[in-house]
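Undergrad: Pasting a predicted model and its sequence here:
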Amino acid sequence: QVQLAESGGGLVQPGGSLRLSCTVSGRIFDINVMGWYRRAPGKDRELVATIRRGGRTDYVDSVKGRFIISRDNAKNTVYLQMNSLKPEDTAVYYCNADVMGPYDSDFLPYWGQGTQVTVSS
């Protein structure tokens, strides 16, 4: 079994910052891509940012220059530093990781339970 535990969401004023964390635990042999997605009320789930094992990052255009994704491979943890937050960033943020277990032949996607981020004055 593989579990993803997220933390760091909350209420913040426009222009403020939050840092999300997500730690992967359980039967892990390797972790490839890790990422953050979000779902705003009434909208489809959206890819926010991804980071590969080697460190390559990708961002959706709306967060470029404001959000930074990083990972600590020794801790199986991915972070999302969110700066200059806007009301339109309000959403439930989900962590995702492609994980290979000790008896798997390929990477499988796993999801966290989601953490609420609300940007409001």
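TA: That came through, no problem.

Undergrad: From the chain's centroid, how far away is stretch 20-28?
TA: 11 Å (CA atoms, centre = their mean, to the nearest Å).

Undergrad: Could you list the buried residues of it?
TA: 20-24 (16 or more other CB atoms under 10 Å). Yep, even glycine has a C-beta here, placed from its N, CA and C like the rest.

Undergrad: Helix, strand, or coil at the residue nearest to the spatial centre of the chain?
TA: When CA atoms, centre = their mean is applied to the chain, the residue found nearest the centroid is Trp36 (2.7 Å). Put simply, Trp36 is strand when judged by DSSP: H, G, I helix; E, B strand; the rest coil.

Undergrad: How many residues are close by Cys95?
TA: Using other CB atoms under 10 Å, Cys95 has 27 neighbouring residues.

Undergrad: Please read the previous query as pertaining to Gly35.
TA: Counted with other CB under 10 Å, Gly35 comes out at 23.

Undergrad: Lys86 and Thr118 touch, don't they?
TA: No: with contact defined as CB atoms under 8 Å, Lys86 does not reach Thr118; the gap is 11.7 Å.

Undergrad: what residues are shared contacts of those two?
TA: By CB atoms under 8 Å, 6 or more residues apart in numbering, Lys86 and Thr118 have no common neighbours.
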